[in-house]
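Colleague: quick one, what's the 3D model for this:
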Amino acid sequence: MALQTWWLYVTAVCLICSTPGPNMLHVMASSVQHGLNRTPATMAGLLTAVFLCLLASAAGLGAVLRAVPELFDMLRIAGAAYLVYLGWKAWRSPVSASDAEQGEPLPAPSRIALYRAGLLTGLSNPKLIIFAAALFPQFIDPSRPYGSQLAILVGGFAAIDTFWYIVYAIGGARLAAWLRPVRRQRLFNRTTGAMFFGFGGLLLTRSN
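Modeller: Numbers count the residues shown, from 1 in each chain. Take a look at the predicted model:
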């Protein structure tokens, strides 16, 4: 892979990963609600989605989606529906006066449940879907060894994504102390829910 292409790819991925989106919002919310020590399970689910989407793109799914717009629309609508569901869950997420006063995190689901939620959130992420289907294949040079390029591109995306997951998770952990009052918990839940509604709406209204 040419060095110029690599730096262009790194720049694009940094911009995509650093800007707030469903994945980063999900990591931050997980850190706030369940604590920093359980957030790696959420991150693992999100990273699995990254690997699956990028590998599927490399295998030709991007071309299939462009050739069959109806399939892209089905995936888009399913992803939008799941983001709206996450918004509904966040909006109605319970708060606890006793937990808030004591500074204890709300009871957390199992790590398997956190992983599964991260995986589904990642697979419904409009930024990842669009990047994998439209942009990722552009960085693969057909005249160079395919396997090594794929390893570099996917590994680079995962490393950059993980860095930003950690940044957002730490931010969520620090925010948790400020969210101890019930009123602030409820505000955070509804703000998070509204953002997921927005992401779902953007994905639903985007045409192929």
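Colleague: so what pLDDT did the nearest residue to residue 2 once chain neighbours are set aside get?
Modeller: The spatial neighbour of residue 2 that comes closest, neighbours along the chain excluded (Cβ to Cβ, 6 or more residues apart in numbering), is residue 141 at 7.2 Å. Yep, even glycine has a C-beta here, placed from its N, CA and C like the rest. What the model reports as pLDDT for residue 141 is 76.
Colleague: ok, then the element right after the helix or strand hosting residue 29?
Modeller: When elements are assigned from DSSP states H and E, residue 29 belongs to helix 22-34. Per DSSP H and E, the first helix or strand lying C-terminal to helix 22-34 is helix 39-58.
Colleague: please save the CA atoms from that next one in CSV.
Modeller: Extracted in CSV, the C-alpha atoms of helix 39-58 (Å, rounded to 0.1, in the frame of the first residue of the first chain):
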residue,chain,number,x,y,z
THR,A,39,-17.6,-1.1,29.1
PRO,A,40,-15.0,-3.3,27.4
ALA,A,41,-17.7,-5.9,26.7
THR,A,42,-19.6,-3.1,24.9
MET,A,43,-16.5,-2.1,23.0
ALA,A,44,-15.9,-5.7,22.0
GLY,A,45,-19.3,-6.0,20.4
LEU,A,46,-18.8,-2.7,18.5
LEU,A,47,-15.4,-3.9,17.3
THR,A,48,-16.9,-7.2,16.1
ALA,A,49,-19.4,-5.2,14.0
VAL,A,50,-16.5,-3.2,12.5
PHE,A,51,-14.6,-6.4,11.5
LEU,A,52,-17.8,-7.9,10.1
CYS,A,53,-18.7,-4.8,8.0
LEU,A,54,-15.2,-4.2,6.7
LEU,A,55,-14.6,-7.9,5.8
ALA,A,56,-18.0,-8.1,4.2
SER,A,57,-17.2,-5.0,2.1
ALA,A,58,-13.8,-6.5,1.1
